[in-house]
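Undergrad: This is a predicted model, with the sequence first.
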Amino acid sequence: MNKNSLKDEINLQPIPSWLKKSIGKASEISTVQKIIKSRNIYTICEEGRCPNRGECYSKKTATFLLMGQTCTRACAFCQVDKGHAPMDLDPKEPQKVAESVSILGLSYVVLTSVARDDLEDGGAQWFVKTMQAIRTLNSQTQIEVLTPDFWGGKQREIAQKQRVSTVVAAKPACYNHNLETVQRLQGPVRRGAKYERSLDVLRWVKEIDPTIPTKSGLMLGHGETEAEIIATLKDLRNVQCDRLTLGQYMRPSLEHLSVQKYWTPEEFDKLGEIAHSLGFSHVRSGPLVRSSYHAGEE
């Protein structure tokens, strides 16, 4: 263990009581896990160690993680594995996900992915293939996407917008792309990502198809101030972002960024009220809220 990790371990803040919850019934959790593992596919619920996975599994819901479990980025808050040599795409993955959606009887599904800067289109077409496979087997299922920024390769700005357009053309029920934190903290928190670049993704979705709701989220606890959060919410509204999630950052390990502050439930309630006053149509604000939490209940 390095000196910084040792110092962090000594200065760890105790986890507040409001961040502790039951994981749910083991039998119900096991049912979903068996379906996922038997098909060798992934969920962000497991890879990201979501604190709500017990609740979601008990309801037989999950957010599918496409294109493997290794990300080409190295965000300092994220539990997902990082690496420059991610696995080859599984040509059967779209069908496997679609079959899992059928078995679980999902009426609303969220598709997300690791960042795949190694792929020519950043994985945009893979989102579309998976959506098509789901709709073939489950014509009534609504599909929300939570995409990376699709940045990379030559002529990046042009390519990025084209990749976003590819996904938008497939008509998701909601297009989600997370800012994760305020502008000042983008560098240390979201390595390889840019604040304006992410706002562009949300802005382009509305330019391409104004009928598709857009959504973004922040993980609080990195050292941001209330004023910075409000400024970020205003930036999101300026690109016509419709929906918002606000949740507490929970450190996955000593190798990740330490928590600078545990925001209280009352503070989350206040921020949720501010967000509503700014014009967001749907707001989920609470310590345990995550990007896909109760997504189908919008």
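TA: Alright, I've got the coordinates.
Undergrad: Which strands or helices does the strand or helix carrying Glu99 pack on?
TA: In this structure, Glu99 sits in helix 93-104 according to DSSP states H and E. Under the contact definition 3 or more C-beta pairs under 8 Å, 6 or more residues apart in numbering; DSSP states H and E, helix 93-104 sits against helix 26-38, strand 63-66, helix 124-137. Quick note: C-beta positions are derived from backbone N, CA and C, even for glycine.
Undergrad: TSV for these, including mean pLDDT and distance to Ala98?
TA: Listed next are the helices and strands packed on helix 93-104 as TSV, based on pLDDT from 0 to 100; distance: least, C-beta to C-beta, whole Å:
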stretch	mean pLDDT	distance to Ala98
helix 26-38	69	12
strand 63-66	90	10
helix 124-137	98	4
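Undergrad: closest one to Val289 among these?
TA: strand 63-66 (13.6 Å; C-beta to C-beta).
Undergrad: could you say what helices and strands the closest one packs with?
TA: Strand 63-66 is packed against strand 42-43, helix 44-47, helix 93-104, strand 108-113, helix 124-137, with contacts defined by 3+ C-beta pairs under 8 Å, 6+ apart.
Undergrad: in the third one, what counts as buried?
TA: The one in question is helix 93-104. Using 16 or more other C-beta atoms under 10 Å as the test for burial, helix 93-104 gives Glu93, Pro94, Gln95, Lys96, Val97, Ala98, Glu99, Ser100, Val101, Leu104.
Undergrad: mind checking how far the fifth one is from Pro148?
TA: Think Val97. In this structure, Val97 and Pro148 are 17 Å apart, going by C-beta to C-beta, to the nearest Å.
Undergrad: cool, and Gly105?
TA: As for Gly105, its distance to Pro148 is 29 Å (criterion: C-beta to C-beta).
Undergrad: So those two - more neighbours on which side?
TA: The residue with more neighbours, out of Gly105 and Pro148, is Pro148; 26 against 10, by other C-beta atoms under 10 Å.
Undergrad: Give me the neighbour count for the residue nearest to that one when sequence neighbours are not counted.
TA: With C-beta to C-beta, 6 or more residues apart in numbering as the criterion, Pro148 has its nearest non-adjacent residue at 4.2 Å, and that residue is Ala115. By the other C-beta under 10 Å criterion, the neighbourhood of Ala115 contains 27 residues.
Undergrad: same check, this time on Asn238
TA: When neighbours are defined as other C-beta under 10 Å, Asn238 has 11 of them.
Undergrad: buried set for stretch 181-196?
TA: Here stretch 181-196 shows Thr181, Val182, Gln183, Arg184, Leu185, Gln186, Val189, Arg190, Gly192, Ala193, Tyr195 as buried, counting by 16+ other C-beta under 10 Å.
Undergrad: what about it, distance to the chain center?
TA: Taking C-alpha atoms, centre = their mean, to the nearest Å, the mean C-alpha location of stretch 181-196 is offset from the chain mean by 15 Å.
Undergrad: okay, how far is it across that stretch, tip to tip?
TA: 12 Å (C-alpha to C-alpha, to the nearest Å).
Undergrad: residue ranges with poor pLDDT in the chain?
TA: Along the chain, the parts satisfying pLDDT under 70 run over 1-12, 21-30, 43-61, 70-86, 152-157, 252-254, 293-294, 296-298.
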